[in-house]
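A.B. asks: have a look at this prediction, sequence included:
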Amino acid sequence: MTDHLVDARVPRDLHAFIAGLPKAELHVHHVGSASPRIVAELAARHPDSKVPTDPEALADYFTFTDFAHFIDVYLSVVDLIRTPEDVRLLTYEVARDLARQQVRYAELTITPFSSTRRGIDERAFMAAIEDARKAAEAEFGTVLRWCFDIPGEAGLESAEETARLATDDRLRPEGLVSFGLGGPEIGVPRPQFKPYFDRAIAAGLHSVPHAGETTGPETVWDALTHLRAERIGHGTSSAQDPKLLAHLAEHRIALEVCPTSNIATRAVRTLDEHPIKEFAKAGIIVTINSDDPPMFGTDLNNEYAVAARLLDLDERGLADLAKNAVTASFLDDPGKARIAEEIDTYTAGWLAP
Ligand SMILES: O=C(O)c1cccc(C(=O)CC[C@H]2O[C@@H](n3cnc4c(=O)[nH]cnc43)[C@H](O)[C@@H]2O)c1
Ligand SMILES: [Zn+2]
């Protein structure tokens, strides 16, 4: 963890505990996880890009005035990824960064439409991510699975293309487990995507749309009722609707909470105003995630430290958060048991007198 991420309000030894804690991450974006080094390297290959080629300059470039600005910047990085080798390099390096944080399992959200529409051959794209996934598992021990998401603002053409890539047995990658919906929520009503989620669910994929990130609780209800969401990306505005909080808790619909993301995109004003405490009080399964870590000046370990401060957690509380992510994941049962056991063993060893 780089020093600027260490929250001085969290005891140093809790940061050390977090750094070694085996973790799972369920809400982290492929392109959004490109490190400043990788982004700068890709930008240097494409001088026509407005993306800085100096990693140090990226911190300013990754400062957003609002969510729409974030999407613009995000797409400028998407534009840098133009070949299957770019895709493989990015994916492998993201896995390396996850492994460095003791992430044993991650569901990486990928937007294939954004790459195929920019000219990357669909079969070469799938081969690139699968090569990187297998290499990462062999070399880092980190298990990756994919979520393919629809960039909702790109409309039903992108929904059709994403559903085709996710359900055609000749194309869908072995690591694909879920189907999502990303991008701006404002002006992008969820119900229109029902046919595409129905196709994905019929093909055995799990539904995990973003909702309630930049719009109200009705978007979360729509994701639940029309898209049959099993988990919700962010779900931040759920805190405005006590009936929704109770529903999420009763039906064990986990929230993929990304605290710093919500501050960086101005969806939430300050961390102390983040509704994560309301979620925990309501008995909702809270998972902690970094979303687009380099873009938001954070990493997963820092997000656990933020959660420790906001929820006043000790080591056992942090271990429970990590196990929430394992429980809510789409990893097979033996894999879940293995990581949960690792978390318990690590925590017991840390707390042993
Ligand atoms: O690829 C295109 O051509 C395109 C055209 C119009 C709109 C879009 C998008 O909106 C892409 C959004 C992109 O952002 C990803 N993302 C990353 N972090 C978040 C988040 O916190 N909330 C919502 N979306 C996020 C998402 O996965 C899409 O790939 C693209
Ligand atoms: Zn996201």
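C.D. replies: Noted; the coordinates are in hand. Numbers count the residues shown, from 1 in each chain. Ligands and ions are numbered 1, 2, ... in the order given.
A.B. asks: what about stretch 113-133 and ligand 1, touching?
C.D. replies: Yes. Stretch 113-133 comes into contact with ligand 1 (CB under 6 Å from any ligand atom), by way of 114, 117. Glycine gets a C-beta too; all of them are placed from N, C-alpha and C.
A.B. asks: that should have said stretch 69-87, apologies.
C.D. replies: Yes. Using CB under 6 Å from any ligand atom, stretch 69-87 reaches ligand 1 at 71, 74-75, 78.
A.B. asks: counting neighbours, what do you get for Glu278?
C.D. replies: The number of residues packed near Glu278 is 14, by other CB atoms under 10 Å.
A.B. asks: I meant to write Lys281 there.
C.D. replies: Neighbour count for Lys281, taken as other CB under 10 Å: 13.
A.B. asks: try Ile343
C.D. replies: Counted with other CB under 10 Å, residues neighbouring Ile343 total 23.
A.B. asks: for stretch 197-215, list the C-alpha coordinates in CSV.
C.D. replies: Provided in CSV are the C-alpha atoms of stretch 197-215 (Å, rounded to 0.1, in the frame of the first residue of the first chain):
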residue,chain,number,x,y,z
PHE,A,197,-30.6,-10.1,-18.6
ASP,A,198,-33.2,-12.9,-19.2
ARG,A,199,-31.0,-14.3,-21.9
ALA,A,200,-27.9,-14.1,-19.7
ILE,A,201,-29.6,-15.7,-16.7
ALA,A,202,-31.0,-18.5,-19.0
ALA,A,203,-27.4,-19.1,-20.1
GLY,A,204,-26.4,-19.7,-16.4
LEU,A,205,-24.9,-16.2,-15.6
HIS,A,206,-25.6,-14.3,-12.4
SER,A,207,-27.1,-10.8,-12.6
VAL,A,208,-25.1,-8.0,-10.9
PRO,A,209,-26.1,-4.6,-12.3
HIS,A,210,-24.9,-1.2,-11.0
ALA,A,211,-27.9,0.6,-9.4
GLY,A,212,-28.4,3.4,-6.9
GLU,A,213,-25.0,4.9,-7.6
THR,A,214,-26.0,8.2,-9.1
THR,A,215,-29.8,7.8,-9.0
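A.B. asks: and that stretch, what's buried?
C.D. replies: Neighbour counts over stretch 197-215 (16 or more other CB atoms under 10 Å) mark 197, 199-201, 205-215 as buried.
A.B. asks: likewise for stretch 282-289?
C.D. replies: For stretch 282-289, a neighbour-count test (16+ other CB under 10 Å) marks 282, 284-289 as buried.
A.B. asks: which ones are touching the closest residue to His30 other than its chain neighbours?
C.D. replies: Leaving aside its chain neighbours, His30 sits nearest to Ile110 (4.4 Å; criterion: CB to CB, 6 or more residues apart in numbering). Contact partners of Ile110, counting by CB atoms under 8 Å, 6 or more residues apart in numbering, are 29-30, 129, 146-149.
A.B. asks: how near is Ile110 to Gly283?
C.D. replies: 32 Å (CB to CB, to the nearest Å).
A.B. asks: next one: Leu80
C.D. replies: Separation of Leu80 from Gly283 (CB to CB): 43 Å.
A.B. asks: circling back: what does the residue nearest to His30 show for phi and psi?
C.D. replies: Backbone torsions of Ile110, given as degrees, to the nearest 10, read phi -120, psi 140.
A.B. asks: surely Glu256 meets Gly233?
C.D. replies: Yes. Applying CB atoms under 8 Å as the test, Glu256 and Gly233 come out as touching, 5.0 Å apart.
A.B. asks: those two: which has the busier surroundings?
C.D. replies: Comparing Glu256 with Gly233 by other CB under 10 Å, the one with more neighbours is Gly233, at 29 against 25.
A.B. asks: before we move on, which element is the more buried one in?
C.D. replies: Using DSSP states H and E, Gly233 sits within strand 231-234.
A.B. asks: now do Thr162
C.D. replies: Going by DSSP H and E, Thr162 is in helix 156-167.
A.B. asks: same deal with Asp13?
C.D. replies: Here Asp13 sits within helix 12-20, counting by DSSP H and E.
A.B. asks: can you give me how far stretch 86-93 is from the chain middle?
C.D. replies: Distance of stretch 86-93 from its chain centroid, counting by CA atoms, centre = their mean, to the nearest Å, is 17 Å.
A.B. asks: quick one: mean pLDDT over that stretch.
C.D. replies: Averaged over stretch 86-93, pLDDT sits at 95.
A.B. asks: same thing with stretch 289-309?
C.D. replies: Summarised as a single mean, pLDDT over stretch 289-309 is 97.
A.B. asks: now do the same end-to-end measure for that stretch.
C.D. replies: By CA to CA, to the nearest Å, the extent of stretch 289-309 from end to end equals 15 Å.
A.B. asks: same question, stretch 60-75
C.D. replies: The straight-line separation of the ends of stretch 60-75 (CA to CA) is 16 Å.
A.B. asks: buried set for that stretch?
C.D. replies: 61-62, 64, 67, 70-71, 73-74.
A.B. asks: so which residues on the stretch 201-350 of the chain come close to ligand 1?
C.D. replies: So far as CB under 6 Å from any ligand atom goes, the stretch 201-350 of the chain lies against ligand 1 at 210, 213, 261, 291-292.
A.B. asks: could the residues you listed go into TSV alongside distance to Gly141 and secondary structure?
C.D. replies: Formatted as TSV, these follow (distance: CB to CB, whole Å; DSSP: H, G, I helix; E, B strand; the rest coil):
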residue	distance to Gly141	secondary structure
His210	29	strand
Glu213	32	coil
Ser261	27	helix
Asp291	24	strand
Asp292	24	coil
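A.B. asks: of those, which is the nearest to Ala223?
C.D. replies: Among these, His210 lies closest to Ala223 (CB to CB), at 8.1 Å.
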